[in-house]
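Peer 1: how does the following fold in three dimensions:
(one chain, ligands or ions: 2)
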Amino acid sequence: MPRIQVRLPARQTNYEIKIGAGLLSQLGREVRAVLGPNSLRAALISNPIVFEHYGKRALQSLKAGNFKTTHWLMSEGERHKSFRSWEQAIEFLTTSGLERGDAVVALGGGVVGDLAGFAAATYLRGLAFVQVPTTLLAQIDASVGGKTGVNLAAGKNLVGAFHQPRVVLIDTETLRTLPRRESTSGWCEAVKQGAVGSRKLFDQTRRFLGAGGRYFSPGNKREAQTKVFATDLDEVVAAHCRFKAAIVAGDEQEDISRADHRSRRILNFGHTIAHALEKATGYRRFRHGEAVGYGMLVAGEISKNVGMLAAGELESLREAVRLCGPLPPAHDLAIDGIIRAMKHDKKSVGGVMRWVLLERIGRARIVEGNQIDKRLLQSSLRAGLQALY
Ligand SMILES: NC(=O)c1ccc[n+]([C@@H]2O[C@H](COP(=O)([O-])OP(=O)(O)OC[C@H]3O[C@@H](n4cnc5c(N)ncnc54)[C@H](O)[C@@H]3O)[C@@H](O)[C@H]2O)c1
Ligand SMILES: [Zn+2]
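Peer 2: Ligands and ions are numbered 1, 2, ... in the order given. As a prediction, the model looks like this:
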């Protein structure tokens, strides 16, 4: 079973990410191991869809670990990652009688993880937090790094806290019930991590996808092969967690003065355009990772057009995004509308946009927005948003 140590020197804390099929049934034991014998209660936060699949097993396991359990299901969907849900979560923790030695357990995708994490960060000024991520995106990205928070009407993730989990348990079996678009979305983020992380991570991801790895979901014709995929999948997920953990360990709080190729910022590759695409389509057309798929291609086009990235490298990126699965169309969107939507990007510093571009697969470079002229941006958008098939 792959295990990854996350080391946070600034906080003098370490914790483990454990990965493997079927780990959910060991939840109680794992939480007990990190909290010690005196912890009484575990409060589970999930949503109705995830709880329907995995709630019973999670609660049973926590009980077997000698915890008194309670659970609360937040409403499904990104718009419920809100102050209102946070308040409900806090009420739930209060009525559950949670005390300082107890734990909050998040069972679900990034929405549940971010909200439950923020509740754990704030209630009693910080309770032990355990993540059991059940989407690919949450397993390789959202559950690693300690960012928690909620959305405001003014924008996503505008209120939050850094609150590191005590342990992250990734049961890759849970991906079997993930809807196809959620899977595509997660794989796009995986391609992103490979593109800015290392050629090795990128190639490992591409190989897995090329062998049909994205079909690791229910009711597919390749179910017979999932034994092979199960071990490969654990390895791919582990490689991504290792990468993200290394970046986070080097730059836990995303230092805005940093612009080097190992700063936490490089994880925003593809995200300036992705956020603009999501905004310009009223958050209805794309899942976030799908928008990141296009965002990477546009950032790749810009990188090529400024003479930084070789055409062959961009083609590899395009191929990898294609392997993630079909994306909703984007070629029909008005280019100027997307550019307008890019204003107020959270990633700007002192009002100047920062782009994460690629020098080659595996190496990112952060560039100030005013170095990219509008015409080049327009033509890169046109090329990057073309249909992939
Ligand atoms: N904290 C971070 O560092 C970080 C990083 C990236 C993204 N995020 C946040 O993560 C959120 C997106 O997360 P997400 O993509 O996981 O979306 P999500 O949590 O909305 O989950 C996607 C959908 O899949 C369902 N689902 C989850 N697990 C399932 C399973 N195993 N089987 C069947 N259905 C399942 C959910 O109910 C939901 O409908 C955003 O709010 C984003 O801001 C946070
Ligand atoms: Zn993202």
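
Peer 1: buried residues in the top helix by length along the chain?
Peer 2: Taking DSSP state H as the criterion, the chain has its longest helix at helix 226-250. Buried residues in helix 226-250, defined by neighbour count with 16 or more other C-beta atoms under 10 Å: 226, 229-230, 232-234, 236-245, 247-249. No exception for glycine: its C-beta is placed from N, CA and C like everyone else's.

Peer 1: name the surrounding residues that touch the following helix or strand past that helix.
Peer 2: Next along the chain after helix 226-250, taking DSSP states H and E as the criterion, comes helix 271-280. The contact list for helix 271-280 (C-beta atoms under 8 Å, 6 or more residues apart in numbering) reads 156, 285-286, 288, 291-292, 294-295, 298-299, 330, 333-334, 337-342, 345-347, 353, 355-356, 381, 384.

Peer 1: ok so, going back, and the longest helix of the chain, how far from the chain's centre?
Peer 2: 13 Å (C-alpha atoms, centre = their mean, to the nearest Å).

Peer 1: elements contacting that helix?
Peer 2: Judged by 3 or more C-beta pairs under 8 Å, 6 or more residues apart in numbering; DSSP states H and E, helix 226-250 is in contact with strand 3-8, strand 13-19, strand 167-170, helix 180-197, helix 199-210.

Peer 1: what strands line up against the third one, and which way round?
Peer 2: The partner list of strand 167-170 in its sheet, established with DSSP bridges, is strand 13-19 (parallel), strand 128-133 (parallel).

Peer 1: any idea of the mean pLDDT for the helix or strand following the last one?
Peer 2: Heading C-terminal from strand 128-133, the first helix or strand you meet, by DSSP H and E, is helix 136-137. The predicted model assigns helix 136-137 a mean pLDDT of 97.

Peer 1: buried residues in the helix or strand that comes right after helix 136-137?
Peer 2: Using DSSP H and E, the next helix or strand after helix 136-137 towards the C-terminus is strand 147-152. By neighbour count on 16+ other C-beta under 10 Å, the buried set for strand 147-152 is 147-151.

Peer 1: so what secondary structure elements neighbour the next helix or strand after strand 147-152?
Peer 2: On the C-terminal side of strand 147-152, the closest following helix or strand by DSSP H and E is strand 155-162. Here strand 155-162 touches helix 110-122, strand 147-152, going by 3+ C-beta pairs under 8 Å, 6+ apart.

Peer 1: and the ones you listed: which comes nearest Ala320?
Peer 2: helix 110-122 (21.7 Å; C-beta to C-beta).

Peer 1: what about Asn268, neighbour count?
Peer 2: As a burial measure, Asn268 scores 25 neighbours (other C-beta atoms under 10 Å).

Peer 1: give me the distance between it and ligand 1.
Peer 2: 11 Å (C-beta to the nearest ligand atom, to the nearest Å).

Peer 1: and for Val132?
Peer 2: When Val132 is compared with ligand 1 (using C-beta to the nearest ligand atom), they lie 10 Å apart.
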